[in-house]
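S.K.: Sequence and predicted structure are below.
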Amino acid sequence: MTLDHSPATIAGPGRQRTGGGTPQDPMPAAWADYLAAARQLDGVRRGAATAASEQARAVQAAREELAGVRTRLAPQQARLRELGVPPISLVPTPPELTEATRSMAGGPAAVLSALRDAQRWAHGGDDTLAARGLSRVAHWPSRPRNLLVYGPLGLLVPLFLVVVYALAGTGAVTAGALVVGLPAPAVAFGVGWLAVGRFFPTRPGGAVDRTPRFGALVCLLPAVVATAGIVLTMLAA
């Protein structure tokens, strides 16, 4: 009986080589998978943060828009009550509430859109109430519209002077009327300035375009022409 002392037998069972090459290390593949998952998670986190931020901004904008709508509707409601509109007509009906709820079911963005629509409708209501029966004239350009107020007031003094001159001639009465009529254009302009704000009011928070320079010219020019004509006629006589 002989013993085989070959190298394969001496190596023993501790380490045996099988096949050719080295086994593949799993660490690089696992690290790549980890990085991919981390990037995907970070993208999801960023998307969620962005969506939450946009939703918060939409909620804040909706709250501000709601406050503006309420501020605008309060004086409208009071004005309609003054005009004799029944209070029950100023309250939304159940079908209107249902439709409004359905239109705002999409979240803060849908609510904000609905409130902006309500804001536009409220602006239209302001324009209608501000007209006070003069809806067509109220939407004219400011100068032609204000001319309807300044014009008649500016003609009062010249007509008065012409009538006095026609009746009294070139005497002391006409001279006294000319003196009395000197501040009349300023008075006419002041009355017209107030009347424009009364007849053509704007929406709350807005400024009435009274065209003061145009109004002063309209009130002053006829009086100057009439006064100059009467004075020249008196001097010639």
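M.R.: The structure has been received and is ready for your questions.
S.K.: Please make it C-alpha for all contacts and neighbour counts, starting now.
M.R.: Fine.
S.K.: where does the protein have low pLDDT?
M.R.: Residue ranges of the chain with pLDDT under 70: 1-25, 83, 123-139, 201-206.
S.K.: Quick one: the helices in it, in order.
M.R.: 7-11, 27-82, 94-103, 108-131, 135-138, 142-168, 172-180, 184-199, 212-236 (DSSP state H).
S.K.: Make JSON lines out of these and add mean neighbour count.
M.R.: JSON lines is the format used below for the helices of the chain (neighbours: other C-alpha atoms under 10 Å):
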{"stretch": "helix 7-11", "mean neighbour count": "10"}
{"stretch": "helix 27-82", "mean neighbour count": "14"}
{"stretch": "helix 94-103", "mean neighbour count": "11"}
{"stretch": "helix 108-131", "mean neighbour count": "17"}
{"stretch": "helix 135-138", "mean neighbour count": "15"}
{"stretch": "helix 142-168", "mean neighbour count": "18"}
{"stretch": "helix 172-180", "mean neighbour count": "16"}
{"stretch": "helix 184-199", "mean neighbour count": "18"}
{"stretch": "helix 212-236", "mean neighbour count": "17"}
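S.K.: Would you check that A188 makes contact with L155?
M.R.: No. Taking contacts as C-alpha atoms under 8 Å, A188 lies outside contact range of L155: 9.2 Å.
S.K.: what is in contact with these two at once?
M.R.: By C-alpha atoms under 8 Å, 6 or more residues apart in numbering, A188 and L155 have these common neighbours: C219.
S.K.: Save the helices of the chain as TSV, and put in distance to I88 too.
M.R.: Formatted as TSV, the helices of the chain follow (distance: least, C-alpha to C-alpha, whole Å):
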stretch	distance to I88
helix 7-11	104
helix 27-82	10
helix 94-103	12
helix 108-131	18
helix 135-138	26
helix 142-168	36
helix 172-180	56
helix 184-199	29
helix 212-236	43
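S.K.: Now do the contacts for S142.
M.R.: D209, R210, T211.
S.K.: By neighbours, which of the residues you listed wins?
M.R.: R210 (20 neighbours; other C-alpha atoms under 10 Å).
S.K.: Can you tell me how far that one is from A223?
M.R.: 20 Å (C-alpha to C-alpha, to the nearest Å).
S.K.: Same question for A100.
M.R.: 59 Å.
S.K.: before we move on, what about L73?
M.R.: Counting by C-alpha to C-alpha - L73 and A223 are separated by 45 Å.
S.K.: Same check on F200?
M.R.: Where A223 is concerned, F200 sits at a distance of 26 Å (C-alpha to C-alpha).
S.K.: can you give me how far stretch 165-182 is from the chain middle?
M.R.: 53 Å (C-alpha atoms, centre = their mean, to the nearest Å).
S.K.: Show me the contact partners of that stretch.
M.R.: Contacts for stretch 165-182 (C-alpha under 8 Å, 6+ apart): V157, L161, V164, T227, I230, M234, A237.
S.K.: and if we set it to 6 Å?
M.R.: Stretch 165-182 has contacts (C-alpha atoms under 6 Å, 6 or more residues apart in numbering) with M234.
S.K.: Quick check: end-to-end length of that stretch?
M.R.: Using C-alpha to C-alpha, the two ends of stretch 165-182 sit 15 Å apart.
S.K.: same deal with stretch 194-209?
M.R.: Span of stretch 194-209 from end to end, C-alpha to C-alpha: 12 Å.
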